[in-house]
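Undergrad: below: sequence and its predicted model.
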Amino acid sequence: MSESLLIKDGATALGGAGLTGPNLCRGISRMFARNGIWCLAEMPLKGGRRADLMGIDAKGRVTIVEIKVSRADLLGDAKWPDYLDHCDRFYWAVSPEIDRAPLDSEAFRPDCCGIIVADAYDAEIVRPAPTHPLAAARRKVEVESLARTALRRMTVAADSECAPWGAGE
């Protein structure tokens, strides 16, 4: 990530219209794309979890983003630690209106989680995520799963007759 993505004081010029999970996902995907991280929304993970956004950069580093659109959603999430086993970097993403103070508490492990503030049009990293490298074998599994899921979605989008095949992988 370039230094220009970081903002020191948490201030943002991002707008607040239509702040749904998919809209925040779009803003984050745009910011990541400008920086060579290509993402897939609603990525299924082993163990039945589903990452809101999972991406990979040119060096093969895997990033997961958990998107929260309300304070209740943020405070009620107990499953997020499961995602740490599937990525090199983990981010929380919130809208500009959400109070980010809980993300600084020990319960949200600021030592291993970054923060992104996003809207439907763009995003800013307000706290970079530390890198905790995956083991090589685990990285291979995650990258292959991400690639196969993305390719299946592209194939089904081009030919809906392919939808029944490979859905349970």
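TA: Good, I have the coordinates.
Undergrad: contacts, neighbours, all on C-alpha from now
TA: Will do.
Undergrad: looking at this structure, which helix or strand is least sure?
TA: The weakest-scoring helix or strand in the chain, judged by mean pLDDT, DSSP states H and E, is helix 71-75 (a mean of 89).
Undergrad: adjacent strands (with direction) for the helix or strand following that one?
TA: Next in sequence after helix 71-75, counting helices and strands by DSSP states H and E, comes strand 89-94. Strands adjacent to strand 89-94 in the sheet, as given by DSSP bridges, are strand 62-68 (parallel), strand 113-118 (parallel).
Undergrad: can I get those in TSV including distance to residue 89 and mean pLDDT?
TA: Shown next, in TSV, are the strands paired with strand 89-94 (distance: least, C-alpha to C-alpha, whole Å; pLDDT from 0 to 100):
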stretch	distance to residue 89	mean pLDDT
strand 62-68	5	96
strand 113-118	7	96
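Undergrad: okay, those in a markdown table with distance to residue 143 next?
TA: Converted to a markdown table, the strands paired with strand 89-94 look like this (distance: least, C-alpha to C-alpha, whole Å):
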| stretch | distance to residue 143 |
| --- | --- |
| strand 62-68 | 8 |
| strand 113-118 | 20 |
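Undergrad: closest one to residue 142 among these?
TA: Within these, the stretch nearest residue 142 is strand 62-68; the backing value is 7.8 Å (C-alpha to C-alpha).
Undergrad: so what's the residue most central in space within the chain up against?
TA: Centroid-nearest residue in the chain: residue 65, 1.9 Å away (criterion: C-alpha atoms, centre = their mean). By C-alpha atoms under 8 Å, 6 or more residues apart in numbering, residue 65 lies in contact with 51-54, 90-93.
Undergrad: picking that back up, output the least confident helix or strand of the chain as PDB - backbone C-alpha positions only.
TA: C-alpha atoms of helix 71-75 as PDB (Å, rounded to 0.1, in the frame of the first residue of the first chain):
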ATOM      1  CA  ARG A  71     -22.100  -0.500  15.700                       C
ATOM      2  CA  ALA A  72     -24.300  -3.400  16.700                       C
ATOM      3  CA  ASP A  73     -23.000  -5.500  13.800                       C
ATOM      4  CA  LEU A  74     -19.400  -4.700  14.900                       C
ATOM      5  CA  LEU A  75     -19.900  -5.500  18.600                       C
END
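Undergrad: list the buried ones in that helix?
TA: For helix 71-75, a neighbour-count test (16 or more other C-alpha atoms under 10 Å) marks residue 74 as buried.
Undergrad: wait, isn't residue 126 in contact with residue 104?
TA: No: contact between residue 126 and residue 104 fails when scored by C-alpha atoms under 8 Å: they sit 12.0 Å apart.
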